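Asks: Got a predicted structure plus its sequence, pasted below:
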Amino acid sequence: MYYNTTKESGNGLKELRKKTQSQEQQILSYFTAKGKATPSEIWATMAEGSLLTSVRRSITNLTKVGRLKKTGVKKTSIYGRPEYVWELSLRGNL
């Protein structure tokens, strides 16, 4: 899901939505292969130029539709602060 906060339209909006879907599929594939991860662990494997905030947004979207779930486990992030670990959830659809 792309949140159109900048009022994009036409082909530009279509491309942004496509890019968001692609990133969500990459993240879902990561979880399928690895099982559990933090947002910064996933971000570290993404292509250069990917934003950590975009990874977090995708994880939030996937959690809302039930594809991922947040665990009670925390790890230290790349910034030295705790962040939650997510894992696959079997109840949702995308």
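Replies: Nice, I can see it. Numbers count the residues shown, from 1 in each chain.
Asks: any idea of the mean pLDDT for whichever strand or helix holds residue 23?
Replies: In the assignment (DSSP states H and E), residue 23 maps to helix 10-34. For helix 10-34, the mean pLDDT works out to 78.
Asks: Tell me which residues of stretch 30-48 come out buried.
Replies: Across stretch 30-48, burial judged by 16 or more other CB atoms under 10 Å covers 30, 31, 37, 38, 39, 40, 41, 42, 43, 46. For the C-beta atoms, the positions are set from N, CA and C on the backbone; glycine is no exception.
Asks: let me fix that: stretch 47-58
Replies: Neighbour-count burial for stretch 47-58, counted by 16+ other CB under 10 Å, picks out 50, 52, 54, 55, 56, 57, 58.
Asks: ok, those residues vs residue 15, which is closest?
Replies: Nearest to residue 15 out of the buried residues of stretch 47-58 is residue 54 (CB to CB; 14.4 Å).
Asks: And that closest one, how far from residue 76?
Replies: Noted for residue 54: a distance of 21 Å to residue 76, by CB to CB, to the nearest Å.
Asks: The nearest residue to residue 77 once chain neighbours are set aside: what secondary structure?
Replies: Nearest residue to residue 77, sequence neighbours excluded (CB to CB, 6 or more residues apart in numbering): residue 83, at 4.3 Å. Three-state call for residue 83 (DSSP: H, G, I helix; E, B strand; the rest coil): strand.
Asks: Contact partners for residue 83?
Replies: 38, 39, 40, 74, 75, 76, 77 (CB atoms under 8 Å, 6 or more residues apart in numbering).
Asks: let's see it at 7 Å
Replies: Neighbouring residues of residue 83 by CB atoms under 7 Å, 6 or more residues apart in numbering: 38, 39, 40, 74, 75, 77.
Asks: Now the second one, what are its backbone angles?
Replies: Read it as residue 39. With angles defined as degrees, to the nearest 10, residue 39 sits at phi -60, psi -40.
Asks: Kindly report the same for the third one.
Replies: The phi and psi torsions at residue 40 (degrees, to the nearest 10) take the values phi -70, psi -30.
Asks: same deal with the fourth one?
Replies: Taking degrees, to the nearest 10, you get phi -120, psi 150 for the backbone angles of residue 74.
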